[in-house]
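Peer 1: Give the three-dimensional model of this entry:
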Amino acid sequence: MLRSGVIEYRKQVKETQEFELIYKEGVDALPSPRTLNTHVYLRMLPKQVVEKKIKCIQIMRNPKNACVSFFNQHIDTLAPVGFEGDLAEFTEIYLSGQMFSYSDYLLTWKAELAISPGQPVLELVYEDMKLRSRLPIGKRQMMLRMTTSGMEPKRRPNLTEEERLTLVDEVRRKEERLFGRFRGCGGKRGAAMKEEAWEEAMAALNAKSSQIKRTVEEGKKQYANLKQRAKEKNDAIRRPKTGGGPKPASPTMPEAAILETMGGRATLSGLAGGIDTEGITYFN
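Peer 2: Numbers count the residues shown, from 1 in each chain. Presented below is the predicted three-dimensional model:
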């Protein structure tokens, strides 16, 4: 998701990109840039990981949860190993260190990193990722931003002034369908008509634009932002002067077009006798 910039669920299981399961041939077959996962120690990875300072994300688990996960793996995935005991018996073996020592595993990773200064490693805790997903995702995103320009997250460009004017004009043309009340229409039918009008407006904008194609959600958000800024500027201009300070900013052409469109709407009217009840004044 962080690499592609698209929020979508992928059914692909992690084993298809697990280093010790797909071997060198499987790694070479994956498109670059590759994202691999592994359980092996740092010293067991290709030497280029340290030489080229390949970014690593180490995900640690609560030892109790790691034990339960390891038990389930032996029962389901590693059934041929032949373990037939219950969780209590498995836990006893797990704590004895006869099978695997999770604490030794983490300490070994720490020791190997100590002799590889500068190796970029982000440490995350699995349980934190489950409870507070945004913070770990943000940390991973920050780490990925430290790569070459080809890995930089791409931002969609802002609308140009011409695109904003087109958007405002298209919304004005479809004002009744976008903001009116439909007599005799049920809620779902009215919502469908509004959505259809938005789709037509964005299709018209995209037909005139030489930049990236805009979505309906982008159009709604951009128009709402323009309308909010237009009202704030109009209120600031009409507010009685109280002293010094900079001159209020004039509305841009798209904002002025919105104010003109909304001139007769109740949304721009305030309380009777208030500062927002007079006619709208435009400034060049």
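Peer 1: From the chain's centroid, how far away is the helix or strand where residue 232 lies?
Peer 2: Here residue 232, judged by DSSP states H and E, is contained in helix 216-238. Distance of helix 216-238 from its chain centroid, counting by Cα atoms, centre = their mean, to the nearest Å, is 24 Å.
Peer 1: What's the first helix or strand after that helix?
Peer 2: Following helix 216-238 in sequence, per DSSP H and E, is helix 253-261.
Peer 1: Buried ones in that following helix, by neighbour count?
Peer 2: 254-259, 261 (16 or more other Cβ atoms under 10 Å). (Glycine included, C-beta is placed from N, CA and C.)
Peer 1: ditto for stretch 227-241
Peer 2: Quick answer for stretch 227-241 (16+ other Cβ under 10 Å): 227, 229-231, 233-234, 237.
Peer 1: Can you show me the strands along the protein?
Peer 2: Along the chain, counting by DSSP state E, strands occupy 56-60, 121-125.
Peer 1: Pick out the lowest-pLDDT one from the buried residues of helix 253-261.
Peer 2: Ranked by pLDDT, the buried residues of helix 253-261 bottom out at residue 261, which scores 77.
Peer 1: who's in contact with that residue?
Peer 2: 168, 171-172, 175 (Cβ atoms under 8 Å, 6 or more residues apart in numbering).
Peer 1: Endpoints of stretch 22-39, how far apart?
Peer 2: This stretch, stretch 22-39, spans 13 Å end to end (Cα to Cα, to the nearest Å).
Peer 1: Could you pull out the buried residues of that stretch?
Peer 2: Within stretch 22-39, the residues that count as buried by 16+ other Cβ under 10 Å are 22, 36.
Peer 1: so how far is it off the chain centroid?
Peer 2: 25 Å.
Peer 1: Low-confidence bits of the stretch 151-284 of the chain, can you list those?
Peer 2: 151-155, 181-188, 209-211, 243-244, 263-284 (pLDDT under 70).
Peer 1: before we move on, the earlier item: ranking the strands of the chain by mean pLDDT, which is last?
Peer 2: Among the strands of the chain, strand 121-125 carries the lowest mean pLDDT (a mean of 88).
Peer 1: if we can go back for a sec, just the buried ones from the contacts of residue 261?
Peer 2: Buried among the contacts of residue 261 (16+ other Cβ under 10 Å): 168, 171.
Peer 1: Dump the contacts of residue 261 to JSON lines, plus distance to residue 107.
Peer 2: Shown next, in JSON lines, are the contacts of residue 261 (distance: Cβ to Cβ, whole Å):
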{"residue": "168", "distance to residue 107": "62"}
{"residue": "171", "distance to residue 107": "62"}
{"residue": "172", "distance to residue 107": "67"}
{"residue": "175", "distance to residue 107": "67"}
